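In: okay, sequence plus prediction incoming.
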Amino acid sequence: MDMIAVLTELERQEQVSLALMMFKVMQKQDWYKPDAYLYKDLIIALARAKKMDEVLQLWESMREENLFPDSQTYTEVIRGFLNHGSPADAMNIYEDMKNSPDPPEELPFRILLKGLLPHPLLRNKVKQDFEEIFPDSSIYDPPQEIFGAR
């Protein structure tokens, strides 16, 4: 990574941290009203900045305010946890998605199915749910030897 890329990444990380700090100040104001879109933007920015601990904190805060994420938010958070090496956290978000009042969409399932290739037991559970929810859709199962599965 060259110096410009490093500086750009550091600047982005700083901006995300500043936005989160501003949000926490806003929440304490009398005029503050919970807003799912504001949470969505912050959560996605944090996930893309690989700040998954902060994602979880904001996720809990959002749920305490009885707000539900949309499909894009689920997708980005699941992807963030899978990239962060936390399949258990990705599965927790997946369970939250299944219990959401809005019906799930295919994309978060597909991201999870791909990310869980090294975890066949978890993947099989998600695959079974996918087949029940989307019976007319198909899932690509790569040959096991490609990913070293036994």
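Out: Looks like it arrived, so ask away. Predicted model, so just to flag it, every value in this text is computed and none were measured.

In: convert stretch 130-142 to PDB, retaining C-alpha atoms only.
Out: Extracted in PDB, the C-alpha atoms of stretch 130-142 (Å, rounded to 0.1, in the frame of the first residue of the first chain):
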ATOM      1  CA  PHE A 130     -32.600 -20.000   1.900                       C
ATOM      2  CA  GLU A 131     -34.200 -22.900   0.000                       C
ATOM      3  CA  GLU A 132     -37.400 -22.600   2.200                       C
ATOM      4  CA  ILE A 133     -37.700 -18.800   1.800                       C
ATOM      5  CA  PHE A 134     -36.700 -18.700  -1.900                       C
ATOM      6  CA  PRO A 135     -37.900 -22.000  -3.300                       C
ATOM      7  CA  ASP A 136     -37.500 -20.800  -6.900                       C
ATOM      8  CA  SER A 137     -33.900 -19.700  -6.600                       C
ATOM      9  CA  SER A 138     -30.900 -21.800  -6.800                       C
ATOM     10  CA  ILE A 139     -27.600 -21.900  -4.900                       C
ATOM     11  CA  TYR A 140     -24.200 -22.500  -6.400                       C
ATOM     12  CA  ASP A 141     -22.300 -25.100  -4.400                       C
ATOM     13  CA  PRO A 142     -18.700 -25.100  -5.500                       C
END
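
In: just the buried positions in that stretch, please.
Out: Across stretch 130-142, burial judged by 16 or more other CB atoms under 10 Å covers Phe130. Where C-beta positions appear, they are placed from N, C-alpha and C, glycine not excepted.

In: quick check: phi and psi on the most centrally placed residue in the chain?
Out: Among the residues of the chain, Val77 comes closest to the average C-alpha position under CA atoms, centre = their mean, at 0.9 Å. Val77 has phi and psi values of phi -70, psi -40 when expressed as degrees, to the nearest 10.
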